[in-house]
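J.: Model the following, please.
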Amino acid sequence: SYRRANGQVGLSLAWGLWAQSQGISAQLDEADRARMARGGVESIESDQGLALFDASLALSEPVLVPVRLNMSAVRATVRAGIAPALLRSLVRTPTRDARPAQASSSALAEQLANLSESEQDRLVLELLRTHMGAVLGYESAEEVDVRRGFLDLGFDSLMTVELRNRLNVVTGL
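T.: Take a look at the predicted model:
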């Protein structure tokens, strides 16, 4: 957009995930790809990418985001309150969708208030394990070893953001 503002030709493409494991995508494992797919980002095959590149050249926009999205998955993450801001703006949601999150957070607070301290610890730990397991792509929460650190469990910065978003919804924070 700087070049365009100065009367020069320019095009920036913020590519989505490519199917080939080369360059940056070579560092992604199956858990990374599964997490991205749960969020609605699907991989682009070479022929699709080349077609998107050709289509981009025909447009006048200075910045484009050629990405393949599964809109059902994007809607689901938006409804759950865990979608990244960039994807949230792509989906319209009824205002009533905010009520379940508020209800669940007040239900959690009420549930915690009626428990002993040790029961509170157990409930919060299970809540954390459930959401950590989901982010890590585990079959069950019991697979999360609570004695291991986040990095040892395989969390990266994007996974941590997803975990934070999930916990914000559940706790109402």
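J.: Please make it C-alpha for all contacts and neighbour counts, starting now.
T.: Fine.
J.: Let me see the confidence value for the most centrally placed residue in the chain.
T.: Geometric centre of the chain, nearest residue: Gly39, 4.7 Å, by Cα atoms, centre = their mean. Note on Gly39: pLDDT of 87.
J.: In contact with it, which residues?
T.: Ala73, Val74, Thr77, Ala83 (Cα atoms under 8 Å, 6 or more residues apart in numbering).
J.: from those residues, which single one is nearest Val91?
T.: Of all these, Val91 sits closest to Val74, with 7.7 Å by Cα to Cα.
J.: Give me the neighbour count for that closest one.
T.: Counted with other Cα atoms under 10 Å, the neighbours of Val74 add up to 23.
J.: do the same with Asn6
T.: Counted with other Cα under 10 Å, Asn6 comes out at 8.
J.: So it versus Ala58, what's the distance?
T.: For Asn6, the distance to Ala58 equals 20 Å [Cα to Cα, to the nearest Å].
J.: Please list all residues in contact with Gln120.
T.: Counting by Cα under 8 Å, 6+ apart, Gln120 has contacts Leu112.
J.: pLDDT at Lys83, what is it?
T.: Heads up, residue 83 is Ala, not Lys. 84.
J.: How about it: what's its closest non-neighbour residue?
T.: Thr77 (4.9 Å; Cα to Cα, 6 or more residues apart in numbering).
J.: about what we covered before: next one: the residue nearest to the centre of the chain from Asp121, what distance?
T.: On the measure of Cα to Cα, Gly39 and Asp121 end up 30 Å apart.
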